[in-house]
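Peer 1: Provide a 3D model corresponding to the input given below.
(one chain, ligands or ions: 1)
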Amino acid sequence: MAIGLDREMLDMTLESITEFAHRNLPDGLLVELDERDEFPADVVRKMCSEELGIQLLFIAEEFNGMGGGTFDVYRVCERMAAIDLGVATAVLATFLGSDPITVGGSPDQQKCWMTRIADEGLLMAYGATEPEAGSDLGALKTTAEPVVENGSVVGYVLNGKKQWISNGGVADLYSILALAPGGPSWFVVERGAPGFSHGKPENKHGIRLSNTAPLYLDDVRVDPDRLLGGAEGLGLAQAQAVFGYTRLMVAAFGLGGGWAAVDRALPYSAERIQAGGPLSEKQGYTLKLIVPHVVRLEAARSYIEETAERIDAGEGTLNTEGAIAKYLASEAGNAAAEAAIQALGGYGYTHEYMVEKIKRDVRITTIYEGTSEIMEMTIARDRWQSHIKTRGDHYHEQARALEVLHARRPDVGAGTAALAHHALAEVMERCREGRLTRNQHVLFRLGELIAHAECAASLARRAARAADGALPPKTDRRFDAAGLAVLGRVFAREAAMKVASDGLRWVLGAEDGGMPATGAATLEAALGLPAIHAAQAGLLNDMERCADMLYGRAG
Ligand SMILES: Cc1cc2nc3c(=O)[nH]c(=O)nc-3n(C[C@H](O)[C@H](O)[C@H](O)COP(=O)(O)OP(=O)(O)OC[C@H]3O[C@@H](n4cnc5c(N)ncnc54)[C@H](O)[C@@H]3O)c2cc1C
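Peer 2: Numbering: from 1, shown residues only. Sure thing, here's the model as predicted:
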C-alpha cells in the first residue's frame, strides 16, 4: 500500500503553501519582521487553522489528519524553508513536539493529543535541550519526581530548565524530557500549568521570525497520564526512534534554504551586466558561485529522497541515513547561501535582496537537531561497525554494485562513485590497522568522507532511475534524466577526489613517526589515485553543461 499522499494531493498542498505565502508573507514583510525580530504569531496560527491546515500533514487520518508520509513531509519542509526558515521552524516545532506522542504515546494519549492538534491547530514545542545538556542529552538535569499515594503513582512533579526551545514562548502544548527515577521520560505539559513559565525570546543571528525561549519548570505537577507510554525510562529511545525522520526534515530545510538563495542568484546573474556581458555567461562566476552548490544540493536531495522512500517503505528508523542527509544538505545549504551573497556582490550584502537573511537563517540547520560534528560521529561510528563486520568489504561491496550500474548506465557517474567507495574502504582499513580512529578527528573526518561517497552513489542511482523512468512519482522534477546524469558525474568526481586526497591526508597525518615511504606509496596505490585523477577529465565541460541547464541555454 502506498504511504502518504498521492502526487496530486501533494502538488496541491505545495501550491497552497506557496499561494498562502504570497498572500501572507511577501518579501518586504519578511525583511521587516526579521529586522524587528518578530514572530508572526497570527500567520503561523493561520497556517495551522482551516485556512491552510499544515499540521494535518503529519497527523494520521484516524486522528483527523491527512496521513502524510516521510516523503511528503520532506517536500513540504523544503517548500516552507524556501519561504522562511523561521516560520518553517515554528511549524517544525509542532511536528517535533508531537513526535514523542506519535512514537511513544499509548493509543489513548495519541488519540487525545493528536486529535486536538489536528482540530484545534495547537502549537507545540519540543523541550529536550538544557543549559548543560545539548549534544549530550544524557546529561539531562530536569527531574520528574513521582507523587506516591497509597502505594501508587498519582502524578509527577517536574523541576528544571530547558534552553533554546523553538516555540518556547508561544506554544500551547509542550513535550518535556525529564529524568524520572526509571530514567529519562517524556511528559506532556500544557501552557499555563502552575509553575511552568518561559523566559524572553533569544535575540538570534537568524531565523528571527521564530520564537526561541528558555522554559522554567518550578514544581510543575502533572497527572500520571502525561507520562508518554505510561512507563519511565523510555525517553531517549523514543527520541532516537524518530531521528531518521526528524533529521530528514532539517535536511529538507537546508535544501530549501540553499535553493532559495540559488534561485535569487540565478535571475540576478542573468540580468547583471559586467565587463560587457551578463554574469551568467562568465565561467569564473558560474563555475565557482553557482554550479558546485547546485550539484551538492541535488546530491543531498537524492539521499533525502532515497531515505524518505525507505522509511515510508517500512525499512526502519534509518538514523544514520537521516544523519547523512542532514549533514550534507545543511552544509550544502549554508555554502550555497554564502555563495549567493557573493554572487549578488554589494546587493547581496544588503537586507533588501534577501540572500543575507537566507544565509543567517539556514545557518541554524548545521546546529539544531544534532550539530554537524555529532552527525559526523554518528555516521562514522555506524559505518565503522559495517566495515569491521564485513572485514573491510562493506564499501568494496557497494563499489561493485556501482560498477554493475556503470556497465548499464555509463553516463551517470556510477563508475567514479565506485572509485570513491573502493578508496573509502582502503582508507578505513588503514585506520583500522593503525588504530587511527582513537583520534576523534580522524573518526569525524571519516564521517565526512562516508557522507560524500554515499551521496555520490545516491545521485548516480537517481540519475539512472530517471533514465529508466523509474523515479518515485512525488520526486522533485527540477532536472530531467540528462540533467541528473550531468550532476551525477560532477558530484562523483568531487566525492572521489575528496575521499582519496583527504583520506590520504588524515591517514598520513595521524602517523606520529611518519609512515615509511613504502607504506605511503602502497596506500596511494590502494586508493586508486591514478584512476580517480583520470576520472576528472571532462569535469569543466560537465560543469558548463550544468550552467547551461540552469540558465536555460541550449547545451
Ligand atoms: C534557534 C535554535 C532552536 C532550537 N530549538 C530546539 C528545540 O525546539 N528543542 C530542543 O530541545 N532543542 C532546540 N535547540 C537546541 C539544539 O538542538 C542544540 O543547540 C544543539 O543540539 C547543540 O547543543 P548545544 O547548543 O548545547 O551545543 P554543544 O553540545 O555544547 O556543542 C557545542 C559545539 O561542540 C561540539 N560538540 C558537542 N559534543 C561534542 C563531542 N562529543 N565531540 C566533539 N565535539 C562536540 C558541537 O558540534 C558544537 O560545535 C535549538 C537551538 C537553537 C540555536
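Peer 1: what number of residues lie near residue 28?
Peer 2: Neighbour count of residue 28, defined by other C-beta atoms under 10 Å: 9. Backbone N, C-alpha and C define where each C-beta goes, glycine included.
Peer 1: whichever strand in the chain runs longest pairs with which strands?
Peer 2: The strand that spans the most residues within the chain, counting by DSSP state E, is strand 152-166. According to DSSP bridges, strand 152-166 has the following sheet partners: strand 143-149 (antiparallel), strand 212-222 (antiparallel).
Peer 1: for the ligand, which of these is the nearest?
Peer 2: For the strands paired with strand 152-166, the distance to the ligand is smallest for strand 212-222, at 4.4 Å, taking C-beta to the nearest ligand atom.
Peer 1: how far does that closest one sit from the chain's center?
Peer 2: With C-alpha atoms, centre = their mean, to the nearest Å as the basis, strand 212-222 stands 29 Å off its chain's centre.
Peer 1: then stretch 432-450?
Peer 2: In terms of C-alpha atoms, centre = their mean, the centre of stretch 432-450 is found 23 Å from the chain centre.
Peer 1: what residues of that stretch count as buried?
Peer 2: For stretch 432-450, a neighbour-count test (16 or more other C-beta atoms under 10 Å) marks 434, 436, 437, 442, 443, 444, 445, 446, 447, 448, 449, 450 as buried.
Peer 1: what does stretch 258-273 give?
Peer 2: For stretch 258-273, burial by neighbour count (16+ other C-beta under 10 Å) applies to 258, 259, 260, 261, 262, 264, 265, 266, 268, 269, 272.
Peer 1: rounded mean pLDDT for it, please.
Peer 2: Per-residue pLDDT over stretch 258-273 has a mean of 98.
Peer 1: and the worst-scoring helix or strand of the chain on mean pLDDT, what other elements does it pack with?
Peer 2: Among the helices and strands of the chain, helix 517-527 carries the lowest confidence by mean pLDDT, DSSP states H and E, at a mean of 83. Other elements packing on helix 517-527 under the criterion 3 or more C-beta pairs under 8 Å, 6 or more residues apart in numbering; DSSP states H and E are helix 414-433, helix 481-510.
Peer 1: okay, angle between that helix and helix 481-510 too, please.
Peer 2: Note on geometry: by axes from the mean of the first three to the mean of the last three C-alpha atoms, to 10 degrees, helix 517-527 and helix 481-510 are set 160 degrees apart in direction.
Peer 1: who's in contact with helix 517-527?
Peer 2: Residues from elsewhere that reach helix 517-527, judged by C-beta atoms under 8 Å, 6 or more residues apart in numbering: 423, 426, 427, 430, 500, 503, 504, 507, 508, 515.
Peer 1: from those, which would you call buried?
Peer 2: Using 16+ other C-beta under 10 Å, the buried ones in those are 423, 426, 427, 430, 500, 503, 504, 507, 515.
Peer 1: among the helices and strands packed on helix 517-527, which is nearest residue 32?
Peer 2: helix 481-510 (36.7 Å; C-beta to C-beta).
Peer 1: list the buried residues of that closest one.
Peer 2: Buried residues in helix 481-510, counted by 16+ other C-beta under 10 Å: 481, 483-500, 502-504, 506-507, 509-510.
Peer 1: quick one: residues contacting the nearest residue to residue 155 once chain neighbours are set aside.
Peer 2: In space, and not counting its chain neighbours, residue 155 is closest to residue 147: 4.3 Å by C-beta to C-beta, 6 or more residues apart in numbering. When the contact criterion is C-beta under 8 Å, 6+ apart, the partners of residue 147 are 153, 154, 155, 156, 157, 221.
Peer 1: quick one: residue 399 and residue 425 touch, right?
Peer 2: Yes. Residue 399 lies in contact with residue 425 (C-beta atoms under 8 Å); the separation is 7.2 Å.
Peer 1: and the spatially closest residue to residue 305 that is not a sequence neighbour, which of the three is it?
Peer 2: In space, and not counting its chain neighbours, residue 305 is closest to residue 475: 6.1 Å by C-beta to C-beta, 6+ apart. Residue 475 carries the three-state label coil when classified by DSSP: H, G, I helix; E, B strand; the rest coil.
Peer 1: per-residue pLDDT, residue 3?
Peer 2: 83.
Peer 1: neighbours around residue 108, how many?
Peer 2: Going by other C-beta under 10 Å, the residues that sit close to residue 108 add up to 10.
Peer 1: actually residue 153, sorry about that
Peer 2: Residues lying near residue 153 (other C-beta under 10 Å) number 14.
Peer 1: quick check, it in contact with residue 180.
Peer 2: No. Shown here, residue 153 and residue 180 do not form a contact pair, counting by C-beta under 8 Å, at 9.6 Å.
Peer 1: what do those two both touch?
Peer 2: residue 146.
Peer 1: output stretch 258-272 as PDB, nothing but the C-alphas.
Peer 2: In PDB, the C-alpha atoms belonging to stretch 258-272 read as follows (Å, rounded to 0.1, in the frame of the first residue of the first chain):
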ATOM      1  CA  GLY A 258      20.100  26.700  -0.200                       C
ATOM      2  CA  TRP A 259      17.900  26.600  -3.200                       C
ATOM      3  CA  ALA A 260      16.100  29.800  -2.200                       C
ATOM      4  CA  ALA A 261      19.400  31.500  -2.300                       C
ATOM      5  CA  VAL A 262      20.400  30.000  -5.600                       C
ATOM      6  CA  ASP A 263      17.000  30.900  -7.000                       C
ATOM      7  CA  ARG A 264      17.800  34.500  -6.300                       C
ATOM      8  CA  ALA A 265      21.300  34.400  -7.700                       C
ATOM      9  CA  LEU A 266      20.200  32.900 -11.000                       C
ATOM     10  CA  PRO A 267      18.000  35.700 -12.300                       C
ATOM     11  CA  TYR A 268      20.200  38.300 -10.800                       C
ATOM     12  CA  SER A 269      23.300  37.000 -12.700                       C
ATOM     13  CA  ALA A 270      21.300  36.600 -15.900                       C
ATOM     14  CA  GLU A 271      20.500  40.300 -15.800                       C
ATOM     15  CA  ARG A 272      23.600  41.900 -14.200                       C
END
